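In: Show me the folded form of this:
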Amino acid sequence: MQSVTRGATEASAGVAFPTRRATLGRRPAPADAMVLTGAVLNSDTGHTRRRMLGAGLAALTLGGCGVLDDDPQPPSTPDPLQPLADEALALAAAYDRTAASLPALATRLTPLAQDHRAHAAELAQVTGRTPAASISAPASAAAAGGSATDPATAVAALRAAEQTAAKNAVTACATTTAERAGLVGSIAACRATHVEALR
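Out: Model (predicted):
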């Protein structure tokens, strides 16, 4: 520690400190008090003021960067091709139900169901999401997989579902990005082929 004295007098040279006027029985006090300089420590923790200010500044900086932010991320927007993938799985399930209830149609319907599963897999790769046909199966596909006992009625219901699905694919193709248009266009063409195959 370093001591600093104010005033022009020196105690070491034998010169007395100037004093203030004595007042009623008090001892005279030196005119200038000694000032000590050095690091200021917090008596409780032993941290310096500079260290505490630096830590506070670092906390403010990190808070501004979002490192200490506990707010959840906003939900991501659904991919516009997700309904197309869900519809593909719903159509595949409708074909499977019809083939199970009418085994005579199984050889005709199984390849069409496989096409829809392949479409769903390709769309899942593009969107990065797994299709959820059980959540959002289109009404036309669900109706197509009903319990029809007449093969002609069952095929007509599947054909109507394919027509709706083909229109949905054409609409999706017109609104999607150029990178995805090729895939969606081929799905629309395949669905149109299915409509003709079910005549």
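In: Going by C-alpha atoms from here, please, whenever you check contacts or count neighbours.
Out: Noted.
In: got the CA positions of whichever strand or helix holds Ala188 in CSV?
Out: Applying DSSP states H and E as the criterion places Ala188 in helix 178-197. The C-alpha trace of helix 178-197 is given here as CSV (Å, rounded to 0.1, in the frame of the first residue of the first chain):
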residue,chain,number,x,y,z
ALA,A,178,-38.2,-25.9,-58.8
GLU,A,179,-36.0,-28.5,-56.9
ARG,A,180,-39.1,-30.4,-55.8
ALA,A,181,-41.3,-29.9,-58.9
GLY,A,182,-39.8,-33.0,-60.7
LEU,A,183,-40.7,-35.3,-57.8
VAL,A,184,-44.1,-33.9,-57.3
GLY,A,185,-44.8,-33.9,-61.1
SER,A,186,-43.9,-37.6,-61.3
ILE,A,187,-46.2,-38.3,-58.4
ALA,A,188,-49.0,-36.5,-60.1
ALA,A,189,-48.4,-38.4,-63.3
CYS,A,190,-48.3,-41.7,-61.5
ARG,A,191,-51.6,-40.9,-59.8
ALA,A,192,-53.2,-40.1,-63.1
THR,A,193,-51.9,-43.4,-64.4
HIS,A,194,-53.6,-45.1,-61.4
VAL,A,195,-56.9,-43.5,-62.4
GLU,A,196,-56.6,-45.1,-65.8
ALA,A,197,-55.5,-48.4,-64.4
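In: Any buried residues in it, and which?
Out: Taking 16 or more other Cα atoms under 10 Å as the neighbour-count basis, helix 178-197 is seen to contain the buried residues Arg180, Ala181, Leu183, Val184, Gly185, Ile187, Ala188, Cys190, Arg191, Ala192, His194, Val195.
In: thinking the fourth one is in contact with Ala172, fair?
Out: By that I understand Val184. Yes. At 7.0 Å, Val184 and Ala172 qualify as touching, with contact defined as Cα atoms under 8 Å.
In: Give me the below-cutoff pLDDT ranges for this structure.
Out: Within the chain, the stretches falling below the threshold (pLDDT under 70) are 1-46, 63-72, 131-148.
In: go again using 50 as the cut-off
Out: Across the chain, the ranges flagged by pLDDT under 50 are 7-10, 133-139, 142.
In: how about the strands of it, start to end?
Out: 2-4, 35-37 (DSSP state E).
In: who touches Val170 in this structure?
Out: Residues in contact with Val170 (Cα atoms under 8 Å, 6 or more residues apart in numbering) are Val184, Gly185, Ala188.
In: can you do 6 Å?
Out: Val170 sits next to Ala188 when contact means Cα atoms under 6 Å, 6 or more residues apart in numbering.
In: And it, how far from Pro75?
Out: With distances defined as Cα to Cα, to the nearest Å, the gap from Val170 to Pro75 amounts to 28 Å.
In: quick one: Pro80 and Leu57, what's the gap?
Out: Looking at Pro80 against Leu57, where the rule is Cα to Cα, the gap reads 45 Å.
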